[in-house]
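Visitor: Here is the input, now give the coordinates:
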Amino acid sequence: MEPKKTFNRSAGVHPSSRPRTSADAHSGARSYGSGASVSHSGARVFSSRPPLGRGPARGGGMRGSGGSGRNGGARGRGKGQHIDISKFINKTVITEEAIIFTPEHLFKDFHIEERLKANILAKGYNEPTPIQDRVIPHILHGEDVVGIANTGTGKTAAFLVPFINKVLLNPKEKVIVMAPTRELAQQIEVELKDFVKGLKIFSVCCVGGAPIGRQISDLRYQNSFIIGTPGRIKDLIERKYIDLSEFKSVVLDEADRMLDMGFIHDMHYMLDLMPKDRHTLFFSATLSPEIAVLIKDFMKSPVMISVKTQDTSKNVEQDVVRIKEGEDKIEVLHDLLIQEEFKKVLIFGRTKHGVEKLAIALTKKGFKAQSIHGDKNQGQRQRALDIFKRGMAQVLVATDVAARGLDIAGVSHVINFDLPETYDDYVHRIGRTGRAGNRGKALTFIG
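Guide: This is a model prediction of the structure:
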């Protein structure tokens, strides 16, 4: 086994070797999380190996704090789990030939309206991603579907395309899409608007952190799609502005994250209000016992499709940065950020106060830094995100409000300044880099 490597600040981020000691017994091991084992009574199970080195992932989304006052929180999780340090290290450089995914369909082959097909092709979508290739035909046939797939695999388009087609075929059809966070809900609506250009299909996005009055006003119009966070949607239901009895199609996107954030009762409440004869889609990165219960209670013989094979992306190099006793973490971070390869860096902290404090400290040191966390309103968070996306800031500091699904092109590094609460959080944090076939690096501060 090769010697364990750590970062030497004086030498930059290039690893330096030192003899392995008994204390390092676990820290040098490579770790790949196992893929989800998917099974459900009565469900048909399909699986597919996702491609390596493909073009840009379609769909996906940004996640922030839930839009219902659950900002940045992970209710019900209690204390963070112990995570073996070895899970933060994977220095393997993939040299083997990439596995080429060959879709069974092309977008032009799907049995969808020609106007929708034209919009899809105009967006440059020719070949579907694995989740799209497997899921879309089943949804078009009216079947309930559970899709298990890693982040950034195109789940958004996988459910939008067939449901837009359903609305085109029946203009009275109404669809509700629930997402765990404001940013994800907003990105789903952006994607929807791209697909429905010129089709006279309208939508409203209902999320917390944004003025509810504007959303109430928008709900007075004929909207085929309502997209939002569970908390805000429930609020609008209780105010009698949304009548779920009118909705016969529903998507629960990132269902595992909604459970993590404490939305389980809201999800039950809303699904109970919908017609029993409905079309239900669940998308999730994991299949937990709680989700299995939801599937049993609210879905009819669902087709279950998994394209998930491992937890962390092979094209994300992972390592730890050990903080010695007496060292200043911010100074260690400074010495990393001044290096040329750290072009677009997403830094994760655990608390809202700590994230804001770190962003201010980095700004004082001359870095162009922005922050997003649950104490910022939606406008502030969106502005910070846009500045980072456009390359006007080198650094974005965030709580786990941003961990799941922020779709930002070209993130060179993810740095875990604070340890994640769970390994699942870690997986989603580092999933912000190494996207769309690119290489990325993830560093975790240990000390």
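
Visitor: Please count neighbours and contacts with C-alpha atoms only from this point.
Guide: Noted.

Visitor: And the strands in the stretch 101-250 of the chain?
Guide: For the stretch 101-250 of the chain, the strands defined by DSSP state E, counting those that start in this stretch cover 145-148, 175-178, 203-206, 225-228, 249-252.

Visitor: where in the stretch 251-400 of the chain is pLDDT low?
Guide: Applying pLDDT under 70 to the stretch 251-400 of the chain flags the ranges 308-313.

Visitor: Helices of that one, residue ranges please.
Guide: Using DSSP state H, counting those that start in this stretch, the helices found in the stretch 251-400 of the chain span residues 255-260, 264-273, 289-298, 329-337, 352-364, 378-389.

Visitor: Need those helices in JSON lines (columns: distance to Arg429 and mean neighbour count).
Guide: Output for the helices of the stretch 251-400 of the chain, formatted as JSON lines (distance: least, C-alpha to C-alpha, whole Å; neighbours: other C-alpha atoms under 10 Å):
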{"stretch": "helix 255-260", "distance to Arg429": "13", "mean neighbour count": "21"}
{"stretch": "helix 264-273", "distance to Arg429": "23", "mean neighbour count": "15"}
{"stretch": "helix 289-298", "distance to Arg429": "22", "mean neighbour count": "15"}
{"stretch": "helix 329-337", "distance to Arg429": "18", "mean neighbour count": "16"}
{"stretch": "helix 352-364", "distance to Arg429": "15", "mean neighbour count": "18"}
{"stretch": "helix 378-389", "distance to Arg429": "16", "mean neighbour count": "17"}
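
Visitor: Would you tell me which of these gets closest to Phe282?
Guide: For Phe282, the closest of these is helix 255-260, at 6.6 Å, according to C-alpha to C-alpha.

Visitor: helices or strands up against the closest one?
Guide: strand 279-284, helix 289-298 (3 or more C-alpha pairs under 8 Å, 6 or more residues apart in numbering; DSSP states H and E).

Visitor: re the thing from before, which stretch among the strands of the stretch 101-250 of the chain comes nearest Leu287?
Guide: Closest approach to Leu287 among the strands of the stretch 101-250 of the chain is made by strand 145-148 (7.3 Å; C-alpha to C-alpha).

Visitor: Can you show me the CA trace of the closest one as CSV?
Guide: This file holds the C-alpha atoms of strand 145-148, laid out as CSV (Å, rounded to 0.1, in the frame of the first residue of the first chain):
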residue,chain,number,x,y,z
VAL,A,145,-42.2,5.8,-10.9
VAL,A,146,-39.5,5.8,-8.2
GLY,A,147,-36.2,7.0,-9.6
ILE,A,148,-33.0,6.5,-7.7
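
Visitor: quick one: strands adjacent to that strand?
Guide: strand 279-284 (parallel), strand 303-306 (parallel) (DSSP bridges).

Visitor: Can you say which of these is nearest to Thr102?
Guide: Closest of these to Thr102 is strand 303-306, at 16.1 Å (criterion: C-alpha to C-alpha).

Visitor: buried set for the closest one?
Guide: Under the neighbour-count criterion of 16 or more other C-alpha atoms under 10 Å, strand 303-306 has Val303, Met304, Ile305, Ser306 buried.

Visitor: Equivalent analysis for stretch 168-184, please.
Guide: Buried residues in stretch 168-184, counted by 16+ other C-alpha under 10 Å: 168, 173-184.

Visitor: who are the neighbours in contact with Ser203?
Guide: Ser203 makes contact with Glu189, Asn223, Ser224, Phe225, Ile226, Ile227, according to C-alpha atoms under 8 Å, 6 or more residues apart in numbering.

Visitor: now swap in Gly410 and tell me
Guide: Contacts of Gly410 by C-alpha under 8 Å, 6+ apart are Lys344, Thr433, Arg435.

Visitor: need the helices of the stretch 251-400 of the chain in TSV with distance to Tyr125, can you?
Guide: Below are those laid out as TSV (distance: least, C-alpha to C-alpha, whole Å):
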stretch	distance to Tyr125
helix 255-260	26
helix 264-273	32
helix 289-298	31
helix 329-337	36
helix 352-364	37
helix 378-389	22
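
Visitor: Relative to Arg239, which of those helices is closest?
Guide: helix 264-273 (13.8 Å).

Visitor: Any idea how far the closest one is from the middle of the chain?
Guide: Distance of helix 264-273 from the chain centroid (C-alpha atoms, centre = their mean, to the nearest Å) equals 22 Å.

Visitor: what helices or strands is that helix leaning on?
Guide: Secondary-structure packing of helix 264-273 (3+ C-alpha pairs under 8 Å, 6+ apart): helix 230-238.

Visitor: Would you mind measuring the gap between the ends of stretch 149-157?
Guide: Using C-alpha to C-alpha, to the nearest Å, the end-to-end distance of stretch 149-157 comes to 13 Å.

Visitor: Need the mean per-residue confidence for it.
Guide: For stretch 149-157, the mean pLDDT works out to 81.

Visitor: still on that earlier bit, turn the strands of the stretch 101-250 of the chain into JSON lines, columns for distance to Ala369.
Guide: Formatted as JSON lines, the strands of the stretch 101-250 of the chain follow (distance: least, C-alpha to C-alpha, whole Å):
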{"stretch": "strand 145-148", "distance to Ala369": "35"}
{"stretch": "strand 175-178", "distance to Ala369": "31"}
{"stretch": "strand 203-206", "distance to Ala369": "29"}
{"stretch": "strand 225-228", "distance to Ala369": "29"}
{"stretch": "strand 249-252", "distance to Ala369": "33"}
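
Visitor: just these: most buried one?
Guide: Of all those, strand 145-148 carries the top mean neighbour count, a mean of 28, counting by mean count of other C-alpha atoms under 10 Å.

Visitor: so how far is stretch 303-322 from its chain's centroid?
Guide: On C-alpha atoms, centre = their mean, the centre of stretch 303-322 falls 13 Å from the chain's centre.

Visitor: so what are the domain limits for the protein?
Guide: 5-32+87-95+312-446, 107-306 (automatic domain parsing).

Visitor: So what's the gap between the first one and the chain middle?
Guide: Same thing as domain 5-32+87-95+312-446. 17 Å.

Visitor: Run through who's touching stretch 164-181.
Guide: Counting contacts by C-alpha under 8 Å, 6+ apart, the residues touching stretch 164-181 from outside are 62-67, 112-113, 116, 140, 163, 185, 196, 201, 207, 223-230, 246-255, 257-258, 261.

Visitor: scratch that, stretch 279-296 is what I was asking about
Guide: With C-alpha under 8 Å, 6+ apart as the test, stretch 279-296 has contacts from 36-38, 40, 142-151, 155, 159, 248-257, 259, 298-299, 302, 308.

Visitor: and of the strands paired with strand 145-148, who's closest to Leu396?
Guide: In terms of C-alpha to C-alpha, the element of these nearest to Leu396 is strand 279-284, at 25.9 Å.
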